[in-house]
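*Asks:* Provided below for reference: sequence and predicted model.
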Amino acid sequence: MVPKPSGVTNSSLHNAATSNAVTSGINSKDAICLTVTGRSEKNDNHNQAIGELKTSGRVGAGLATTFSRLLKLKPKAQYQSESMSATDAAKAVDWAAKMFEGARGVVRD
């Protein structure tokens, strides 16, 4: 096992993992929307981003709930001093992987 650098806590790793998972989910949403519709809006309004995904084919519609769950974690992981739990970080990584697999399938087709 590799030791953690001085000053790194488990909670900071949970926040980093969650933040990266959210970013990955957003990138997957963009890949799906761009492939299916030819466009993807850059929008800070999460409801609009979820709506855009919902209208991006069967895969996009099927992933909208997963994307919504990821986006709900974004403020806590990226903007607040409150730490993410290990459980929430693990869920975020799983949801991001699901988004990635959906995007990979859409892009490959």
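*Replies:* Yep, that arrived.
*Asks:* show me where pLDDT drops low in the protein?
*Replies:* Within the chain, the stretches falling below the threshold (pLDDT under 70) are 1-11.
*Asks:* Apply 80 and report the result again.
*Replies:* 1-12, 43-45, 80-82 (pLDDT under 80).
*Asks:* in this protein, which helix has the most residues?
*Replies:* The single longest helix within the chain, with elements called by DSSP state H, is helix 10-37.
*Asks:* so how far is that helix from its chain's centroid?
*Replies:* In terms of CA atoms, centre = their mean, to the nearest Å, the centre of helix 10-37 is found 3 Å from the chain centre.
*Asks:* In the next helix or strand along the chain from that helix, which residues are buried?
*Replies:* For helix 10-37, the following helix or strand on the C-terminal side (DSSP states H and E) is helix 46-54. Judged by neighbour count using 16 or more other CB atoms under 10 Å, the buried positions of helix 46-54 are 46, 49-50, 52-54. In this view, the C-beta of every residue, glycine as well, is placed from N, C-alpha and C.
*Asks:* Nearest to residue 100, out of these: which one, please.
*Replies:* Using CB to CB, residue 53 comes nearest to residue 100 of the buried residues of helix 46-54, at 13.8 Å.
*Asks:* Hmm, residue 30 and the closest one touching each other?
*Replies:* No: applying CB atoms under 8 Å, one finds residue 53 not in contact with residue 30, separated by 9.4 Å.
*Asks:* one step back: could you provide the buried residues of helix 46-54 in TSV, with additional columns for distance to residue 97?
*Replies:* Shown next, in TSV, are the buried residues of helix 46-54 (distance: CB to CB, whole Å):
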residue	distance to residue 97
46	20
49	19
50	19
52	21
53	16
54	20
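*Asks:* follow-up on the earlier one: determine the set of other helices and strands touching the longest helix of the chain.
*Replies:* Counting contacts by 3 or more CB pairs under 8 Å, 6 or more residues apart in numbering; DSSP states H and E, helix 10-37 packs against helix 46-54, helix 57-78, helix 86-108.
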